[in-house]
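**Q** how would this look folded up:
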Amino acid sequence: MASTETSTVKDGDAPAAKDGGGDLAGLEAGLDALDTVQSKRAPFRTTFMEKVFPPIVAVALVLIVWQVLVWAEVTDSYKLPAPSAVWDEVQEAWLEGTLLEYIWTSVSRGLLGFLMALVIGTPLGLLVARVKFVRAAIGPILSGLQSLPSVAWVPPAVLWLGLNDSMMYAVILLGAVPSIANGLVSGVDQVPPLFLRAGRTMGATGLRGTWHIVIPAALPGYLAGLKQGWAFSWRSLMAAEIIASSPDLGVGLGQLLENGRTANSMPMVFLAILLILIVGIAIDLLIFSPLERWVLRSRGLLVKS
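**A** As a prediction, the model looks like this:
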């Protein structure tokens, strides 16, 4: 009799067990689906309409408004040249072979100065973030240097180093290093303490903990500091090229801007401004935007399209 009841109970529990197993399997499948990154590439038309078409429309609207202002003669023609006049300046510089020279002179200086600032600012930021005495000593100084206009460093740099490339790099470093260091400090401050405790539990202390735990966890803040550091590098360089001019330095974009002002040539001034803007946008699109997408995707915050 007891065996019959036992078999009955077991038979009754079987469907329930099967149902429970099915629910669990469904739950696991759902979680796997949530974790799965959709790798299907978006159609070209969608990519074009979402990423390429809006900037084209914005540029076209700017050109239209610019041309309308010229036709309306809101000011003298030597103050506001037509887009065609600026285009003629572009063609002239291209035919003379100086257009790419202007760009390369400034871009090479800016990138090299930024790399030097990266090499200096990264260990400095880690030191400030991890050592309390160092943070108390130079943390406020870094914040003050970051808020100081980079153009203020040009006169003392000229007096200290003379009119040469060393002066240019000094101005870039003084403008970019504080931003990079402060960005890394901010990123380290936002690392959850649980990560640090887990790292210590697994033996990741000292330099190993910094390399495997702190820096990866601080990447978003560090990357923001790098972007700001590049912006400060580029602005510092332009200020140095505008103020300090010498035949030995060559003609960069800042010097081109100053030459246009000296010659009272607004087309040349507009050309320099447009080139400075284009270089800044290009560096962001080619370097920092892919880095941002990689960081976001590695944290599951961006779905690959």
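
**Q** can you tell me which residues contact residue 145?
**A** Applying Cβ atoms under 8 Å, 6 or more residues apart in numbering to residue 145 gives the contacts 174, 177, 178. Every residue, glycine included, has its C-beta placed from N, CA and C.

**Q** Which strands and helices lie in contact with the helix or strand hosting residue 108?
**A** In this structure, residue 108 is located in helix 99-130 according to DSSP states H and E. Packed against helix 99-130, as judged by 3 or more Cβ pairs under 8 Å, 6 or more residues apart in numbering; DSSP states H and E, are the following elements: helix 83-96, helix 132-147, helix 165-189, helix 219-243, helix 253-262, helix 266-283.

**Q** do you know which of these lies nearest residue 122?
**A** helix 165-189 (6.3 Å; Cβ to Cβ).

**Q** and the next helix-or-strand element following the closest one, which residues are buried?
**A** Sequence-wise, the next helix or strand beyond helix 165-189 is helix 193-201, with elements assigned using DSSP H and E. Counting neighbours by 16 or more other Cβ atoms under 10 Å, one finds that the buried residues in helix 193-201 are 195, 196, 199.

**Q** What about residue 77? Give its phi and psi, please.
**A** According to degrees, to the nearest 10, the main-chain angles of residue 77 amount to phi -70, psi -30.

**Q** Can you give me the neighbour number for the nearest residue in space to it that is not next to it in sequence?
**A** Using Cβ to Cβ, 6 or more residues apart in numbering and skipping residues adjacent in sequence, the residue nearest residue 77 is residue 70, 7.5 Å away. Here the count is done by other Cβ atoms under 10 Å, and residue 70 has 17 residues near it.

**Q** Then residue 292?
**A** Residue 292, neighbours per other Cβ under 10 Å, totals 17.

**Q** residues contacting it?
**A** Applying Cβ under 8 Å, 6+ apart, we find residue 292 in contact with residue 223.

**Q** so how far is residue 105 from it?
**A** 28 Å (Cβ to Cβ, to the nearest Å).

**Q** still on that earlier bit, what is the orientation angle of the helix holding residue 108 with helix 219-243?
**A** Helix 99-130 and helix 219-243 meet at an angle of 130 degrees, taking axes from the mean of the first three to the mean of the last three Cα atoms, to 10 degrees as the criterion.

**Q** Brilliant, that's me finished.
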